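[1] Provided below are the primary sequence and the corresponding predicted coordinates.
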Amino acid sequence: MNESKTMDRRTKYSLDAIKNALFTLLEDKELSAITVTDICRTADVNRGTFYRYFKDVPDLFSHIEDEFLANFQRVLTSWDMSSYYRSILLEIQENSALIRFILITNSTSHILEKLLLLQKDFLLDILHSRCPHLSREDTEYIFEFILGGFIYFIGKWFAEDMKTPLDDVERNISMITESILKAYGG
């Protein structure tokens with residue numbers, strides 16, 4: 001049994017090293033210019049280890065996105081907007097290398113759209129419950145406005161190397177959202 005735990009730790013170590021190597025390389029290269037050899041050299045793993053888990057670099061990136069989305073969906077369960085934002089911010093902070101790549105570079109990643117689709121109905125239901133007199137169309141406009149502001153806010157936070165404490169970011173986003181909802185009678 002100890003051997004299986006050791007293997008699990010080794011597997012996790014190898015996977016983490018491969019993922020970290022990709023993000024290290026993304027600081028200087030475009031995703032399309034990164035090779036498996038580059039990743040293996042940076043991660044200090046052999047090609048066989050890489051190919052045991054991924055078929056190529058785009059597959060690795062896709063795996064990282066899918067893992068992030070699965071984790072993101074798992075943590076977003078609260079109807080309280082404050083803890084909802086906290087959950088999002090903590091997940092973003094934990095995956096800062098991925099988010100930084102997506103927000104600061106002109107990534108072709110569609111992860112933000114995927115997040116939107118995962119949470120859109122849930123968030124629209126929350127907005128509609130807070131502002132029941134609004135039409136579904138008006139609720140969708142408000143949702144898009146809040147989402148756009150949230151994405152911009154996170155992009156600015158990353159551009160400033162996340163110097164603003166997470167608690168302050170959470171408080172500001174929550175206050176802005178609450179102000180919008182109150183303006184619509186929610």
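    Alright, I've got the coordinates. Note that the coordinates shown come from a computational prediction; the quantities given were computed from them, not determined experimentally.
[2] which stretches of the protein form strands?
    All residues of the chain lie outside strands when identified by DSSP state E.
[3] how is it partitioned into domains?
    1-54, 63-186 (automatic domain parsing).
[4] for the chain, give me the ranges with low pLDDT.
    Applying pLDDT under 70 to the chain flags residues 1-7, 75-82, 103-118, 186.
[5] so where do the helices sit in the protein?
    For the chain, applying DSSP state H gives helices covering 2-26, 36-43, 47-53, 57-75, 81-94, 96-104, 111-130, 136-159, 166-183.
[6] returning to what we had before: would you turn the domains of the chain into a markdown table with mean neighbour count?
    For glycine as for every other residue, the C-beta is placed from the backbone atoms N, C-alpha and C. Below are the domains of the chain laid out as a markdown table (neighbours: other CB atoms under 10 Å):
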| stretch | mean neighbour count |
| --- | --- |
| domain 1-54 | 14 |
| domain 63-186 | 15 |
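[7] look up how far Glu144 lies from Leu134.
    Distance of Leu134 to Glu144, computed by CB to CB, to the nearest Å: 13 Å.
[8] contacts for stretch 168-184?
    81-82, 85-86, 89, 127, 130-131, 134, 142, 145-146, 149-150, 153, 157 (CB atoms under 8 Å, 6 or more residues apart in numbering).
[9] what about 7 Å?
    Stretch 168-184 has contacts (CB atoms under 7 Å, 6 or more residues apart in numbering) with 81-82, 85-86, 89, 130-131, 134, 142, 146, 149-150, 153, 157.
[10] which non-adjacent residue is nearest Leu25?
    Ile34 (4.9 Å; CB to CB, 6 or more residues apart in numbering).
[11] who's in contact with that neighbour?
    22, 25, 57.
[12] tell me the one of those residues nearest Arg74?
    Leu22 (22.8 Å; CB to CB).
[13] the closest one against Ser62, yeah?
    No. Using CB atoms under 7 Å, Leu22 is not in contact with Ser62; the gap is 11.5 Å.
[14] can I get the contacts of Ile34 in CSV with distance to Asn71?
    Formatted as CSV, those follow (distance: CB to CB, whole Å):
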residue, distance to Asn71
Leu22, 17
Leu25, 23
Val57, 21
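[15] if anything else comes up later, I'll come back, but that's it for now.
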